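> the sequence isn't on hand, but the structure is:
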């Protein structure tokens, strides 16, 4: 795109004094003749060309031309070179503009950052003529970043800000004691990715943070591609992410860094991976998101550890550099503003230390003694649903359904419902796992339940993700379903933008998961609450360390009812080292989990007290 000469109005708003500009001096260029200009750069970014490789090639050409001068810039300005790889939308030459005089220093030739809502403008060279009230700036040129909160990192850092400096990745294989059915596939094993991320602040202090997630192949990547091919691809992508995170040289609060990585870096890494994978179909973004979540959680943990505070006490103005308005926008027509709002404004504090626990009734789970055939594990843990209810005092059951066999789905709900009534279970949910293609399928089951089993119908608290998770491709109007029962997005809820689309289609609730990143879960939580959507926190059969951020999110979110937690059903012994420190986290008693042992900096893992021997690292960067 060629330079524009029409001034600030080209971007749809008036001169800066018409808004609330935030201009911060960060030092003069220190280069003879002022900051460099790029007379040839204006033709390098063609918005019609969306190829990542070509965008990267063009950005490298610009960066090469600018590198010599950029190396003379002081301190944080060296990061400017990196930003040419991410999200540059356009170059333009604004006409003279007025900025409040007290926002600028008296000297001319400054370099500063100007902010207006989502738009960030880096002024590389300006001659300033001060008047009584305003400074008249004659700007050589600016760079406008596409939704780039990243440009704030060019300013002087907050003393609590961090940047990642290294990453180690471990793979922990687990065998399920009972098979677990996801959609049309059945799972018997899983690999957990555990990450140790090293971070540093501007003063050179360092700390380590930990994150973990199951690489749930069949959930993140339902496909006819062989399971092991998908499993291997997920692990290989995690290894690439280790390098990507270790080299992601951006400082800030973990929500700011995490959001930037998700927007600017992760899509490109996925595109590059898919171009070279040789698989019959590309890895979906949901799979990449889950792989990334372990690194993102480790970033949040490390931030809290370095600053010696629970990370949930940092989601506020004191620690963050910008408010929620810099990350997301309200739905059109909604009476919502994120200006001056921070995640803390949407979180429960103090958190409850006990939460109702939801038990998963999988498609392969045994619910009647007549189904026993002698092949069940004899390991001291329950097998039958009735035994689980009795042992753990369960009050909440989540029923996995097929979504392509309405008679089976209906009978399964009725069977579980009758057992629940007999044993004083209070609540049920129905999870169709993205296999339904028409709202009528769900409506017929619900209507039939209401007519034939009204008590069981009344026990269904909400319905979870019946329809394909790619909302952009499958824009199904679901208002008829949500008119019957609250309808919760799960796999579809990648980020707040998907929530905005889902809300317009009739979805009324959101099932949050830390496996889609702590950063994304928090932003989605805030957007959903601001728009009156109900929340739940759902499990990905989280064992070991993965269980702790999962439960903390539920405790701080304020869910419709407790938290789903089922790792104790499928691999209870996997968490023995962690359970020695956090017994209530890995065992459900009286239908609840107990978080009272979780305390201290970061996520409160108390990692030094957990006696777990890790395997050899799969990657160290």
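On my side now, so go ahead. For clarity, every value in this text was computed on a predicted model and none was experimentally measured. Residues are numbered from 1 along each chain as shown.
> just checking, residue 523 touches residue 329?
No: assessed by Cβ atoms under 8 Å, residue 523 is found out of contact with residue 329, at 11.7 Å. C-beta: built from backbone N, CA, C; applies to glycine.
> might you report the residue contacts of the residue nearest the centre of the chain?
Nearest to the mean C-alpha position of the chain, counting by Cα atoms, centre = their mean, stands residue 520 at 2.4 Å. Neighbouring residues of residue 520 by Cβ atoms under 8 Å, 6 or more residues apart in numbering: 258-259, 262, 289, 296, 494-495.
> again, only this time at 7 Å
Contacts for residue 520 (Cβ atoms under 7 Å, 6 or more residues apart in numbering) come out as 262, 495.
> and the pLDDT at it?
pLDDT for residue 520: 97.
> report the buried residues of the strand or helix carrying it.
If you go by DSSP states H and E, residue 520 is part of helix 518-530. Going by neighbour count (16 or more other Cβ atoms under 10 Å), the buried part of helix 518-530 is 518-530.
> name the strands paired with the helix or strand following it and say parallel or antiparallel.
For helix 518-530, the succeeding helix or strand toward the C-terminus, using DSSP H and E, is strand 534-537. According to DSSP bridges, strand 534-537 forms sheet pairs with strand 509-512 (parallel).
> quick one: residues in contact with the strand it pairs with.
With Cβ under 7 Å, 6+ apart as the test, strand 509-512 has contacts from 462, 464, 486-490, 493, 499, 521, 524-525, 528, 533-538, 553, 557.
> with stretch 480-493 instead?
Outside of stretch 480-493, the residues within contact range by Cβ under 7 Å, 6+ apart are 286, 434, 439, 442-443, 446, 460, 462-465, 469, 471, 478, 498-499, 502, 506-511, 524, 534, 536, 538.
> can you rerun that using 8 Å?
So stretch 480-493 is contacted by 219, 286, 431, 433-434, 439, 442-443, 446-447, 450, 460-467, 469-471, 478, 498-499, 502, 506-513, 516, 524, 534, 536, 538, 560 (Cβ under 8 Å, 6+ apart).
> show only the entries of the residues you listed found in strands.
Using DSSP state E, 431, 460-464, 509-512, 534, 536 are the members of the contacts of stretch 480-493 that sit in strands.
> contacts for stretch 396-409?
Contacting residues not belonging to stretch 396-409 are listed as 181, 183-184, 356-363, 385, 412-413, 416, 420, 425-436, 441, 444-445, 464, 466, 561-562, 564, 591 [Cβ under 8 Å, 6+ apart].
> show me how far it is from its chain's centre.
28 Å (Cα atoms, centre = their mean, to the nearest Å).
> before we move on, the earlier item: and the buried ones among the contacts of stretch 480-493, selectable in PyMOL?
A single PyMOL command suffices to select whichever of the contacts of stretch 480-493 are buried according to 16+ other Cβ under 10 Å:
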select buried, resi 219+286+431+433+434+439+442+443+446+460+461+462+463+464+465+466+467+469+470+471+478+498+499+502+506+507+508+509+510+511+512+513+516+524+534+536+538+560
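> need the three-state assignment for the spatially closest residue to residue 401 that is not a sequence neighbour.
Leaving out its chain neighbours, the residue that sits closest to residue 401 by Cβ to Cβ, 6 or more residues apart in numbering is residue 409, at 4.3 Å. Following DSSP: H, G, I helix; E, B strand; the rest coil, residue 409 is assigned to helix.
> roughly how far apart are residue 409 and residue 248?
44 Å (Cβ to Cβ, to the nearest Å).
> more neighbours: the two, which one.
Set residue 409 next to residue 248 and count neighbours by other Cβ atoms under 10 Å: residue 409 wins out with 24 against 20.
> residues contacting residue 281?
Applying Cβ under 8 Å, 6+ apart, the residues near residue 281 are 223, 225.
> assumed it was part of a strand.
No: using three-state DSSP, the assignment for residue 281 is coil, not a strand.
> distance of it from residue 518?
29 Å.
> low-confidence ranges in the stretch 401-550 of the chain?
Under the criterion pLDDT under 70, no range of the stretch 401-550 of the chain is flagged.
> tally of neighbours for residue 367?
Using other Cβ under 10 Å: residue 367 sits among 17 other residues.
> now residue 339, what's its secondary structure?
Per three-state DSSP, the local secondary structure of residue 339 is coil.
> also residue 542?
Under three-state DSSP, residue 542 falls in the coil class.
> isn't it right next to residue 568, touching?
No: assessed by Cβ under 8 Å, residue 542 is found out of contact with residue 568, at 10.4 Å.
> quick check: residue 229 touching residue 277?
No: contact criterion Cβ under 8 Å: residue 229 and residue 277 do not qualify, at 9.2 Å.
> quick one: residues contacting residue 224.
Each residue near residue 224 by Cβ under 8 Å, 6+ apart is listed here: residue 280.
> SS state for it?
Look at residue 224: counting by three-state DSSP, its state is coil.
> so how far is residue 159 from it?
From residue 224 to residue 159 the distance is 52 Å (Cβ to Cβ).
> now residue 488: which helix or strand?
Using DSSP H and E, residue 488 sits in strand 487-489.
> same question, residue 169
Secondary structure from DSSP H and E places residue 169 in strand 163-182.
> now do the buried residues in that strand.
The neighbour-count check on strand 163-182 (16+ other Cβ under 10 Å) flags 163-172, 174, 176-178, 180-182 as buried.
> check stretch 593-604 too.
Residues 593-595, 597-598, 600-604 are the ones in stretch 593-604 that count as buried (16+ other Cβ under 10 Å).
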